[in-house]
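1. sequence first, predicted model second:
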Amino acid sequence: MNKGIEIARGKTKVLYESPGQPEQLVVAQTDAISAGDGARRHEIAGKGRLAAQTTARVFRLLNLCGIPTHYVNGGEDDDDNEMLVRRCTMIPLEVVVRGVAAGSFVKRNPAIARGTILAPRLIEFFFKDDANHDPQISPDGIVGQNIATPQEVGTMSELARLVFEILSHAWRKRDTLLVDLKVEFGRLTSGPDKGQLVLADVIDNDSWRIWPQGREEMMLDKQMYRNLPEVDDAALARVKEAYEQVADLVGTFPVMRPGMAAVIADGPENVDAANAVVGALAQLGLPTVRHVASPSTTPGYVLQLVQQLEATFGRLFFVAVSKDDALRSMLAAMSSSPVFDGGGEPGEVALACAKMLGLEDTVLFGRTLLTQANARANVMNADARLQQVASLPPGTALA
Ligand code: 5GP
């Protein structure tokens, strides 16, 4: 990748200018592996390659889900282990999400057994300061020290939780438990979204704990290296093997298998409503075919459509758009595919479809979570605006 001068260097990565693109940077991951805030350090030839692949694949998945990230492209098949990212000012926090008690959490909370499921997920913040071993910091501390605003703390928590759920879903499909995860955020330095929080840094096999089959002793992540009583070539080779396995598994994450939605309007009077459902499905990235057929006027055609569509598409499902239940029940009786009632609010109909596909498809699972999070945020924002208005002195003119 074309890169300019080096602008920063961390324990496992190097940041460069991107020539001619001041709003972007190049991130290169190195072969270094370290633990104990750099107290233990080694090189594993090829680790940078695997780390860049893992990061690129994770970020590509998250971008597909609609999570705002700094990742633009690269990292997967570029020999220099480099990816192009949007330039941002990093917030000096490690945001840790925990779904299972492990690591520093059980050290700090000895009454909670290692392996305990944490529901709801726990969010912890650590101030990035190697010299002081990244001390934990509370949301109030973050705001009090002007590290981030209360809104940003809320957004970081929400996004970190969403990222955890998405990656947890992807790993679960590979019979692996995502135990915990560390992410970092930055503020975009330019462009129309300047100042917006985005998921930044890298997410690779150093960033999480993963236990295949839920069994800690089968771990595949950096904890293997942290736990080594002695580091020799054979041990490092075993660590590298695990990193290779993880990069390969993560390579299968960003695959979308959305299936096909057959949206059937019950007669011409339901075509507009069917189009609205098609629009809502398209917003979630679901492909559709459209037909008009009526159980009362053209029952033979309904049957013919079911047979034709089922013979043509895998992962097919029907959406019956009608003011009554006749079309839906006819489709349900005739077809072996799932049938949804498309008579409701289009966004809700589309979400119900995405939820079903999201059982298998991590991208759609993520898009569903994000749609729900946005809906929650809209309600909260509307309430906040209303409270602002309510607290203005009487007679104050609103802009
Ligand atoms: P713990 O606080 O239990 O040591 O770590 C929680 C999670 O954050 C683990 O998944 C761990 O791998 C990750 N983590 C903690 N500190 C760092 C760090 O400095 N760098 C990276 N990449 N991950 C970290």
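-> The structure has been received and is ready for your questions.

2. contacts and neighbour counts: CA atoms only from here.
-> OK.

3. just checking, what packs against the longest strand along the chain?
-> For the chain, the longest strand by residue count, based on DSSP state E, is strand 176-188. Contact here means 3 or more C-alpha pairs under 8 Å, 6 or more residues apart in numbering; DSSP states H and E; on that basis strand 176-188 packs against strand 88-90, strand 93-100, helix 150-173, strand 197-200, strand 208-212.

4. any idea how far that strand is from the chain center?
-> On the basis of C-alpha atoms, centre = their mean, to the nearest Å, strand 176-188 sits 10 Å off its chain's mean C-alpha point.

5. got it, and stretch 293-304?
-> 42 Å.

6. in that stretch, which of the residues would be classed as buried?
-> In terms of neighbour count (16 or more other C-alpha atoms under 10 Å), stretch 293-304 has its buried residues at 293, 294, 295, 302, 303.

7. the fourth one and residue 294 touch, don't they?
-> Yes: contact status for residue 302 versus residue 294: in contact at 6.8 Å, counting by C-alpha atoms under 8 Å.

8. hang on, the earlier thing: so which of the helices and strands packed on strand 176-188 is nearest the ligand?
-> Of all the helices and strands packed on strand 176-188, strand 208-212 sits nearest to the ligand, with 3.3 Å by C-alpha to the nearest ligand atom.

9. parallel or antiparallel, which strands does that closest one pair with?
-> strand 176-188 (antiparallel) (DSSP bridges).

10. how far away is the spatially closest residue to residue 170 that is not a sequence neighbour from residue 266?
-> For residue 170, ignoring the flanking residues on the chain, the nearest one in space by C-alpha to C-alpha, 6 or more residues apart in numbering is residue 362 at 5.8 Å. Applying C-alpha to C-alpha, to the nearest Å, the value for residue 362 to residue 266 is 32 Å.

11. so which bits of this structure are right by the ligand?
-> By C-alpha under 6 Å from any ligand atom, the residues of the chain that approach the ligand are 96, 102, 103, 104, 105, 180, 181, 182, 206, 207, 208, 209.

12. let's see that with 5 Å instead.
-> Within the chain, the positions near the ligand by C-alpha under 5 Å from any ligand atom are 103, 104, 180, 181, 182, 206, 207, 208, 209.

13. picking that back up, nearest to residue 369, of the helices and strands packed on strand 176-188?
-> Nearest to residue 369 among the helices and strands packed on strand 176-188 is helix 150-173; the distance by C-alpha to C-alpha comes to 7.0 Å.

14. state the mean pLDDT of the closest one.
-> Helix 150-173 carries an average pLDDT of 97.

15. could you give me the buried positions within it?
-> 152-153, 156-157, 159-171.

16. do the same with stretch 19-26
-> Judged by neighbour count (16+ other C-alpha under 10 Å), stretch 19-26 contains these buried residues: 23, 24, 25, 26.
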